[in-house]
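[1] Predicted model and sequence follow; I will ask about them next.
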2 protein chains.
Amino acid sequence: MRTRPLKVALLGCGVVGSEVARIMTTHADDLTARIGAPVELAGVAVRRPSKVREGIDPALVTTDATALVKRGDIDVVVEVIGGIEPARALITTAFEHGASVVSANKALIAQDGAALHAAAEQHGRDLYYEAAVAGAIPLIRPLRESLAGDKVNRVLGIVNGTTNFILDKMDSTGAGYQEALDEATALGYAEADPTADVEGFDAAAKAAILAGIAFHTRVRLDDVYREGMTEVTAADFASAKRMGCTIKLLAICERAAHGGSVTARVHPAMIPLSHPLASVREAYNAVFVEAEAAGQLMFYGPGAGGAPTASAVLGDLVAVCRNKLGEATGPGDSAYTQLPVSPMGEVVTRYHISLDVADKPGVLAQVATVFAEHGVSIDTVRQTGKDGEASLVVVTHRAPDAALSGTVEALRRLDTVRGVASIMRVEGE
Amino acid sequence: MRTRPLKVALLGCGVVGSEVARIMTTHADDLTARIGAPVELAGVAVRRPSKVREGIDPALVTTDATALVKRGDIDVVVEVIGGIEPARALITTAFEHGASVVSANKALIAQDGAALHAAAEQHGRDLYYEAAVAGAIPLIRPLRESLAGDKVNRVLGIVNGTTNFILDKMDSTGAGYQEALDEATALGYAEADPTADVEGFDAAAKAAILAGIAFHTRVRLDDVYREGMTEVTAADFASAKRMGCTIKLLAICERAAHGGSVTARVHPAMIPLSHPLASVREAYNAVFVEAEAAGQLMFYGPGAGGAPTASAVLGDLVAVCRNKLGEATGPGDSAYTQLPVSPMGEVVTRYHISLDVADKPGVLAQVATVFAEHGVSIDTVRQTGKDGEASLVVVTHRAPDAALSGTVEALRRLDTVRGVASIMRVEGE
């Protein structure tokens, strides 16, 4: 076994970074045995050097991250700063100065993964980021490696713990969105500004990464259709229950039926209670993968948090260090299929639509005609009425999203339709 | 990209082998892109050469597997024969003649994994066997690589599809064991001789492999405590339901509380309906992993079948081919902790015990005394009686298995205990 240690530079020492540093220290002997050489924390770049960081030698702490990655003796840079800059520049500089990189940065990988992979390859370095999607759950490695001999057709996942916590609360307690969000905030599951989570930006970044890896193509963040979950109501959950469903914010990446394109989207959707994703509670994440030969696989676990994210970072760190010792690099970017990304309108899905309508004869016939004119076949209709008002709940068969949204637009124009109370896609059947 | 193909020898062309060959042909372009070089099926060793094998060039078929692996130009040997010999000799010969090996052979890896890994390392080859445990579910790679920076404390899994199908039928229909087995046989889920499955031998081999990898130690097949599930009754399921549980055949690998040893066992157990493993239906497999930093992870999917197993084989094939091209080897055996395996008596668990007792005063006190004398604390007792006979259902707190089985032996000796109707461990709480 080699005795000269591999040197690790840690960029960022917040919730995740401090756990990475802690585990590197407390489990040093295990890491040495598994890598085949010791690993040494050679420097820690932080914004606030005065903050006391338990277990970290103050002499290692610096505010000059650039100088740290330029030192030339760093084998691996662990980037847990997050955000686009300075993370991007630091990673590129790291590659130029001999280091491979382990990152937990979903936003950056989703936006600039292609360029960063190209830079890594140009310099013969590794770029690993298991922690960027679904925290501790092994997902990037299974998709990239375990399923490398298979053809993935679909990835369907709960990849945001905050929104799953909120939706699970709404489901189990009957609470409204705001009440459930308040509880999530109080318990630390939601940030003070929850926009990135509840509007689906976080999940969309993960969907872009997953789609690219699953289909060996390039999916940009802008290619991902995105709807948040702030408008999901207690009434929607009641409707879902009547259908034997619950509501989850899903990231869905699919190969089109004709095989020539892919789609990626994030939106709330009803899924049957019998679907394995339906029973994913609290802030847990789970990702369902459908592959041609493997069939249906699911990966479940904590999608966030300091220690779980650090577990994923350290798994990558061990792999990258082993590669360094073997003078090899791991499997890198694979985007050879160059499949185009189709717009949301071409996604084939089902709608659950609640309409407030006038309670008089002929309304159902009028509504049904609109569906037929748009080529959308109706699966079930439920009509309830009182006091001259009625509600119609229509569940469609599968149809292109454009036809479904066109139907809804036409319904809104009907005099007898007072309002469209809710529209939700139905998935996982 | 290299144009000279990597040559693959396929040993065995049954349900799995023929799927491997089929996918290698139909997905050749994808495999080439993902590996970085074409792969070519260079030979197929079979027992019955006259059998027509669709899509396989008859010129590639041979009955002389040894000559095939000795050819010297083979890069990777895929072994899907199963059993100990001739698989073991062929794998060893393959290493000696320049080939790396992908195997789906759980029995062989469980029995001789250490020696085979040593042979692979001696010759600088890879030995991969994702398909040996839980079919298509990525499990070996996540444990060996994704969790390489973490400390796994527990692996709890449904790793045999046949028995899960039988137990699921018993649970959902109230059928007895024999009736459910007959259905499994009729549907092709159980073999004509189901012993390896229902007596837990298959699951025990997988438990040995999983425990070794999870704890970085050596667990031999003989080290695994094993109980089959042929004595599970409809009455047991009724008892389980009253406790909010179901019954699964579980493979359980644990680090002892003191950390200095590990245990591995296979037996039927009650688990709470709220546990993610409880909802694993039909012939699906799922493995729950508890790690110090990652927390609770679960991996779910088809545990057997030609195509799912071939998916795992091909994932390994791609990895091994990439390693060949990079003149590297992947992460190999890791047994550095050398943790001893403790016997079943030291496992700490809970018992659910059903006793037929005389319906007279003082019996419960007598029974409770026996538990107390063995240091086993009682969680709940339920007593039901009619016609001078009564039944007592006792659920214990956690205690060493030796104390629990000692308690049961002492109970059998009580005059007032007419019989021990069933004993089942309770797990997953």
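    Good, I have the coordinates. Residues are numbered from 1 along each chain as shown, chains lettered A, B, ... in the order given.
[2] For the longest helix along chain A, name the packing helices and strands.
    With DSSP state H setting the assignment, residue counts place helix A:306-325 as the longest helix in chain A. Packing partners of helix A:306-325 (3 or more Cβ pairs under 8 Å, 6 or more residues apart in numbering or on different chains; DSSP states H and E): strand A:6-11, helix A:15-26, helix A:28-35, strand A:76-79, strand A:100-103, strand A:127-128. Yep, even glycine has a C-beta here, placed from its N, CA and C like the rest.
[3] cutoff 6 Å now
    Counting contacts by 3 or more Cβ pairs under 6 Å, 6 or more residues apart in numbering or on different chains; DSSP states H and E, the secondary-structure elements packed against helix A:306-325 are helix A:15-26, helix A:28-35, strand A:100-103.
[4] Just the element for the spatially most central residue of chain A, please.
    When chain A is reduced to its mean C-alpha position, the closest residue under Cα atoms, centre = their mean turns out to be A:K206, at 3.3 Å. Remark: A:K206 resides in helix A:201-215, with elements defined by DSSP states H and E.
[5] Quick check: which helices or strands does that helix pack against?
    Contacting helix A:201-215 under the criterion 3+ Cβ pairs under 6 Å, 6+ apart are the following elements: helix A:106-123, strand A:152-158, strand A:245-255, strand A:262-272.
[6] I'd like the next helix or strand past it.
    Following the chain from helix A:201-215 toward its C-terminal end, the next helix or strand by DSSP H and E is strand A:225-226.
[7] and the residue of the stretch 201-350 of chain A found nearest chain B, what does it touch?
    When distances are taken as Cβ to the nearest Cβ, the stretch 201-350 of chain A approaches chain B most closely through A:L314, which lies 2.3 Å from it. Each residue near A:L314 by Cβ atoms under 6 Å, 6 or more residues apart in numbering or on different chains is listed here: A:23, B:149.
[8] how close does it sit to B:P142?
    To B:P142, A:L314 is 13 Å away according to Cβ to Cβ, to the nearest Å.
[9] tally of neighbours for A:S422?
    16 (other Cβ atoms under 10 Å in any protein chain shown).
[10] Not counting sequence-adjacent ones, nearest residue to it?
    The spatially closest residue to A:S422, leaving aside those adjacent along the chain, is A:S354, at 4.7 Å (Cβ to Cβ, 6 or more residues apart in numbering or on different chains).
[11] Am I right that the one you found falls within a strand?
    Yes - counting by DSSP: H, G, I helix; E, B strand; the rest coil, one finds A:S354 located in a strand.
[12] Tell me how far it lies from A:M344.
    In this structure, A:S354 lies at 21 Å from A:M344, with Cβ to Cβ as the measure.
[13] Can you check the pLDDT for the residue nearest to A:A119 when sequence neighbours are not counted?
    Closest residue to A:A119 apart from its sequence neighbours, by Cβ to Cβ, 6+ apart: A:F95 at 5.0 Å. Reading off the confidence values, A:F95 has pLDDT 98.
[14] which parts of the stretch 301-429 of chain A sit against chain B?
    Contact residues (Cβ under 6 Å from any Cβ of the partner chain) of the stretch 301-429 of chain A with chain B: A:301-302, A:307-308, A:310-311, A:314-315, A:317-319, A:326, A:328, A:336.
[15] Among those residues, filter down to the buried ones and hand me the ChimeraX syntax, if you would.
    Selection of the buried residues among those in ChimeraX, burial being defined by 16 or more other Cβ atoms under 10 Å in any protein chain shown:
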select /A:301,302,307,308,310,311,314,315,317,318,319,326,328
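[16] what two of the residues of the stretch 301-429 of chain A next to chain B are the furthest from one another?
    Farthest apart among those by Cβ to Cβ are A:A307 and A:Y336. That separation is 36.2 Å.
[17] Give me the angle between the longest helix of chain A and strand A:6-11.
    Compare the direction of helix A:306-325 with that of strand A:6-11 by axes from the mean of the first three to the mean of the last three Cα atoms, to 10 degrees and you get 140 degrees.
[18] unless I'm mixing things up, A:V393 is touching A:V381, no?
    No - between A:V393 and A:V381 there is no contact under Cβ atoms under 6 Å: 7.1 Å.
[19] neighbour-wise, which of those two wins?
    Residue environment comparison for A:V393 versus A:V381 gives the larger neighbour count to A:V393, 18 against 15, counting by other Cβ under 10 Å.
[20] element containing that one?
    Of the helices and strands defined by DSSP H and E, A:V393 is found in strand A:389-396.
[21] Show me what counts as buried in that strand.
    If you call a residue buried by 16+ other Cβ under 10 Å, then strand A:389-396 has these buried ones: A:390-396.
[22] So which elements touch it?
    Applying 3+ Cβ pairs under 6 Å, 6+ apart, we find strand A:389-396 packed against strand A:348-358, strand A:378-386.
[23] could I get the longest one in CSV with only the CA atoms?
    In CSV, the C-alpha atoms belonging to strand A:348-358 read as follows (Å, rounded to 0.1, in the frame of the first residue of the first chain):
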residue,chain,number,x,y,z
VAL,A,348,-48.3,11.7,-23.7
THR,A,349,-50.1,11.8,-20.3
ARG,A,350,-53.5,11.8,-18.7
TYR,A,351,-55.4,14.7,-17.1
HIS,A,352,-57.6,14.8,-14.0
ILE,A,353,-59.8,17.9,-14.5
SER,A,354,-62.2,19.4,-12.0
LEU,A,355,-64.8,21.8,-13.6
ASP,A,356,-67.4,24.0,-11.9
VAL,A,357,-70.3,24.0,-14.3
ALA,A,358,-73.9,25.1,-14.6
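[24] ok, residues contacting it?
    Taking contacts as Cβ under 6 Å, 6+ apart, the residues outside strand A:348-358 that touch it are A:270, A:363, A:390-396, A:398, A:400-401, A:404, A:416-426.
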